[in-house]
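Asker: Fold the following and give me the result.
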Amino acid sequence: MNLTIEKLPIDKLFSLVDFLGVFVGALGGALAAVRDTRYKYDLVGVTGLALASALGGGITRDLILQKGPPLAFADARYLMAALAGAVIGMLFAQRVGKNTERAIIFMDAAALGLFSVAGSTRAINAGMSRLPGLLLGATTAVGGGCIRDVLSGRTPKIFEHGELYAIAAAFGAAAFLVCDSLKLPREISTAAGTACGFGLRMLALRYHWKTRSIRTD
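Answerer: Modelled structure (predicted):
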């Protein structure tokens, strides 16, 4: 086949990025749940947290946009992608052992980059301007993790000082929107935004770039 991603229609490209984000988000969520040392989750717990990680941000985005039912409920492929990621994550976590931590970090950063672009794309396609597109891109990227943390009885990590996460998501969304405003092909804008979000997150982890607490005492 000679079909390449450059020839994909815009709606198909969005779906590809969104599905990849859902799959990777569920995979990372399942890995994190299995590795949780505070609670011992069963099959329902791991699956539920994986689905929250994968679909929570997108559902929040779609509810804000009010353009029909959330895609996760309107298209069964989202649920299938999330369930596939959850199952593979459970199997992967048991086999990898000590290397699972690295897998979680990589998958989480990949999902962040993919979701930030998918959220901004959805917002732009719905007629939103650049600033709402930026906010919805970041919301899509971090929303699932926030919901997962709340369900796990924790304060969402993005609200605490630490390695760049929400900032990395916003950076990825901003990179996509800048490229899109320059009328670059959507494929290039998508790749640039995803790479920027993923890259900044990984660099922050590698070099220990952290945000500071507002309260200093």
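Asker: before we move on, could you check phi and psi at Lys210?
Answerer: phi -130, psi 150 (degrees, to the nearest 10).
Asker: Next, the contact list for it, please.
Answerer: Lys210 is in contact with His161, Gly162, Glu163, Leu164, Ala204, counting by CB atoms under 8 Å, 6 or more residues apart in numbering. In this view, the C-beta of every residue, glycine as well, is placed from N, C-alpha and C.
Asker: Equivalent analysis for Lys157, please.
Answerer: Residues near Lys157 by CB under 8 Å, 6+ apart: Gly145, Asp149, Tyr165.
Asker: can you pull out the helices in this structure?
Answerer: 10-35, 43-65, 71-74, 76-96, 100-125, 130-151, 166-181, 186-207 (DSSP state H).
Asker: need the contact list for Arg130.
Answerer: Leu177, Ser181 are the contacts of Arg130 under CB under 8 Å, 6+ apart.
Asker: any idea how far Ser116 is from it?
Answerer: Separation of Arg130 from Ser116 (CB to CB, to the nearest Å) stands at 14 Å.
Asker: for Ala141, same thing?
Answerer: 4 Å.
Asker: repeat for Leu20
Answerer: Relative to Ser116, Leu20 is positioned 13 Å away (criterion: CB to CB).
Asker: Neighbour count: these two, which is higher?
Answerer: Remark: of Leu20 and Ser116, Ser116 carries more neighbours, 36 against 19, as counted by other CB atoms under 10 Å.
Asker: who touches that one in this structure?
Answerer: Ser116 makes contacts with Gly137, Ala138, Thr140, Ala141, Ala169, Ala170, Gly172, Ala173, Phe176, Gly193, Thr194, Gly197, as judged by CB under 8 Å, 6+ apart.
Asker: So which of the contacts of Lys157 wins on neighbours?
Answerer: Most neighbours among the contacts of Lys157, by other CB under 10 Å: Gly145, with 27 neighbours.
Asker: so it touches Phe159, yeah?
Answerer: No - applying CB atoms under 8 Å, one finds Gly145 not in contact with Phe159, separated by 11.0 Å.
Asker: Tell me the buried residues in stretch 154-164?
Answerer: Of the residues in stretch 154-164, Pro156, Ile158, Glu163, Leu164 count as buried by neighbour count, 16 or more other CB atoms under 10 Å.
Asker: Just give the number of residues close to Lys40.
Answerer: Lys40: 9 surrounding residues under other CB under 10 Å.
Asker: ugh, typo on my part, it should be Leu49
Answerer: Counted with other CB under 10 Å, Leu49 comes out at 27.
Asker: Kindly report the same for Pro185.
Answerer: Neighbour number of Pro185 under other CB under 10 Å is 13.
Asker: what about it, distance to Ala191?
Answerer: In terms of CB to CB, Pro185 sits 10 Å off from Ala191.
Asker: cool, Glu160 as well?
Answerer: 31 Å.
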